Every structure is written in structure tokens, then in C-alpha cells.
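S.K.: Got a sequence here, can you model it:
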Amino acid sequence: DYMGDDDYDPDSMPPPATELKELTTAEEFDSFLDNEDASVVGFFAEEGDALDAFKSSAQTLAYDFRFAYTTSAEVLSKYKYKSAAVVFKPPRFVNDKYDKPKARFPGTNFSNSDALKIFLREASLPLVGQLTYNTKERYSARGIPLVKVFFDVDYTLNPKGSNYYVNRVRKVAAEYVGKLSFAIAAIKDYSWETSDYGLSLEEGKKQVGVGIEDGDKRYGMGEEEFSVVNLKAFCEKFLAGELEPTKVVETPDYNSYGGGGGEGEEDGDVDESAVTVLTPDNFKEEVTESGKDAMVEFYAPWCGHCKMLKPEYAKLGQEFAGDDSVVIAKMDADEHQAPEGFDVQGFPTIFYVPKGGKPVSYDGERSADAMAEFIRKQRA
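M.R.: Numbering: from 1, shown residues only. The predicted structure follows:
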């Protein structure tokens, strides 16, 4: 049936599935990453079971993420991966000050598409991204309110203008990590929902509108001029409970789609008794001035791939439970400010801190065995 323009809803029209693309050169690799959405690439030194498992999961998640793979020696050498699934955030939305451009799936079991999806939903999102059919589900899965900034997004004809607004949204978003998500939205794609926020926006009129989606409730910033100051004030009023919703709508529960029972979602039975919980009050005593070697994880309770890491990190704690010269610890970096010298720009971030030494970033495989091996090599 024909849908008139006024009824167009980009969130109800899934994109067509595509075949898994093989990237054979560095040029093809760079071209694949140059997209408004995140890109998931499998790196494999050779054909085999691992690549077959990755292909199978990529097919399962083809409507959720963009997938490709490479066995190119040129690309493998550049990125130094031999068997890995890595998500690259969309380059146009990556800012070195706020974002890590890529993240490696913490494991080698590529056949578990549920676990892979949980990881990708969070790891694929930059501090400020663009609301699209695919990213809407990812933002909803976070379970925190989403701040939407509507304007004429156009990275083809007006990239400077688009970046102007994105840069200003970033300045505010950086202050609310873990409390609010932030995304820009093209008026031409989402004009159908702007009225839910009490906004009247038309494409081509250089208008900017702001709304907050919180479950079934919508909140609008009204006719106030868009600025960093006004956006922050709007967010503060929302978090303080001082705003009345402009509309209450029926909305689907995206958290129940496709992820039920996946590995890493249920972690209430994980024994973390061998993992030391850090706060600003005990950090020096337990880590930097403890006279011990330490492994420290900075995490956020809402972070999907932190939840996936939780059982493996607990196993790591048990591995060294009988060694008084090693401490395995973690700190809620959403609740507490990371100490000076620990550059935490995403979750989870892991550092090895040798006795009396400076922290060393751990970027290896997120399994208990791999982390234990890393610690032993550092101590040797």
C-alpha cells in the first residue's frame, strides 16, 4: 500500500538485507567505514571455523548492523588483529576528546549472536550520534532517556553546518554520560514525531528543536533558542523532575527484542567476592600505594559490555585470590571520577598498575585466561 509523505515512518521500514562484504584491500576497508552508521568488521588470518561462526552471526544480525570481514594481509597488518570482531564508530561522529573510535568484542565465541548484539548495541554508539532506523533500537536498549536535537542534518551539502550543532551538543552530552543519551535527528526523517514534543519544525527553514524521550513520555524544550546554555538548562530541569511531559505515547519495549537469554545479560549470580570495589576514598590504599600489582576495571552499571565482562573479571579475581601481591579491582566510573593518570573515555576501560609504577592500558582479549596471562607476563 502507498504511504503518503505525512505518514512516513522510517522506524517501520527495515532496510534490505545485504550479503556479507569481503574487504580485500585497505582502500575497500576505508570506504566501508565511511558511513553514517557504525561498521562491524571481522578480522581473520585464514578461512576456518571462527570466520564461519562470524559469518553466521553477521547473517543473523544483518538487519541490526553493517557487517564485513577481511583476510587481507595488508589490513590485518595495519590493525594487528588475527581473529577478532571489531566495531568502528561512524567517523563523522567520532571526536578524539570524547570517543574511542573502535572497540573489540571481548571474546572469541563469534557464534553467540545474542552476546555479540549486546556488545555492539553499546559499543557502536558515539557520545553524540544520529538517530536512524538502526540506531533507535540501540539507544532504547540503553534504558536511559534520549535527548534528540532536530535540525536539517546534511553531511553531503552542508557538513560544516551539521558539525556546528553536533559539536555543541557534545559539550552538553559529556556532562551527562550514564544519565542521558544524545542524538541528532534529521527533520526530513522525523518531522512526523516532532509534534509529540510540542515542536513545529519544517525542513529547509534552518530550525532547531530539542526533545527528550523517556519511556512513553515526551518532553519538549519549546521555542527557546538552541544554545549550549539552554540545552544544559533543559536537561537539568528534566533530571530534577521539574518538567511536565508534552505527550504520553504508546511505545514498544525494544529491550525485549532479540536479546532474551543472551550470554552476559543475567549476572546476578556472579561471585565477585575476590574483586575489590574501589572508591575515591580507598583507591590509593588499594591500588597506587598498596605495595601490590593491580588490575583495575573502570565500568558503568548500565554498560552492556561491562555486564558481559563481569563473569570473566570475577574469574580473574578468583585466579589471584590466593596471591597477596596482586589485587583485582573495579571502580564505578559513572558514579566516581577516575583518578588522575587514568584516562577513561569509554566503558569498560582496564589498566594494569605495576607495584609503584604507572598504569598500563590493557587492550587485549576480555577473557579471564587472557587477562591472567597478561598480568603474569607484566610481572615476569
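S.K.: can I assume residue 284 sits in a helix?
M.R.: Yes. Assessed with DSSP: H, G, I helix; E, B strand; the rest coil, residue 284 lies in a helix.
S.K.: Run a quick neighbour tally on it.
M.R.: Residues contacting residue 284 under the criterion other Cβ atoms under 10 Å number 12. (Each C-beta comes from the backbone N, C-alpha and C, glycine too.)
S.K.: Which residues are in contact with it?
M.R.: Residue 284 makes no contacts at all, as judged by Cβ atoms under 8 Å, 6 or more residues apart in numbering.
S.K.: quick one: the helices in the stretch 201-350 of the chain?
M.R.: Per DSSP state H, counting those that start in this stretch, the stretch 201-350 of the chain carries helices over the ranges 228-239, 283, 304-319.
S.K.: Mean neighbour count and distance to residue 155 for these - can I get that in JSON lines?
M.R.: Below are these laid out as JSON lines (neighbours: other Cβ atoms under 10 Å; distance: least, Cβ to Cβ, whole Å):
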{"stretch": "helix 228-239", "mean neighbour count": "16", "distance to residue 155": "21"}
{"stretch": "helix 283", "mean neighbour count": "20", "distance to residue 155": "42"}
{"stretch": "helix 304-319", "mean neighbour count": "22", "distance to residue 155": "28"}
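S.K.: Indicate which one of those helices is closest to residue 38.
M.R.: Of all the helices of the stretch 201-350 of the chain, it is helix 304-319 that lies closest to residue 38, at 13.7 Å by Cβ to Cβ.
S.K.: And the contacts of the closest one?
M.R.: Residues outside helix 304-319 that contact it (Cβ under 8 Å, 6+ apart) are 103, 106-107, 115, 118-119, 121-123, 141, 263-265, 267, 270-275, 295, 297, 299-300, 328, 330, 347-348, 366-368, 371-372.
S.K.: Please name the nearest non-neighbouring residue to residue 246.
M.R.: Excluding its sequence neighbours, the residue lying closest to residue 246 (Cβ to Cβ, 6 or more residues apart in numbering) is residue 198, at 4.0 Å.
S.K.: if we can go back for a sec, and of the helices of the stretch 201-350 of the chain, who's closest to residue 51?
M.R.: When the helices of the stretch 201-350 of the chain are compared by Cβ to Cβ, helix 304-319 sits nearest residue 51, at 21.7 Å.
S.K.: thought the residue nearest to residue 246 was touching residue 220?
M.R.: Yes. Under the criterion of Cβ atoms under 8 Å, residue 198 makes contact with residue 220 at 3.9 Å.
S.K.: Which one of those two is surrounded by more residues?
M.R.: Per other Cβ under 10 Å, whichever of residue 198 and residue 220 has more neighbours is residue 220, with 22 against 17.
S.K.: count of neighbours near residue 273?
M.R.: Number of residues near residue 273 (other Cβ under 10 Å) recorded here: 10.
S.K.: Quick one: residues contacting it.
M.R.: By Cβ under 8 Å, 6+ apart, the residues touching residue 273 are residue 317.
S.K.: export the helices of the stretch 201-350 of the chain to TSV and tack on mean pLDDT?
M.R.: Shown next, in TSV, are the helices of the stretch 201-350 of the chain (pLDDT from 0 to 100):
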stretch	mean pLDDT
helix 228-239	97
helix 283	95
helix 304-319	89
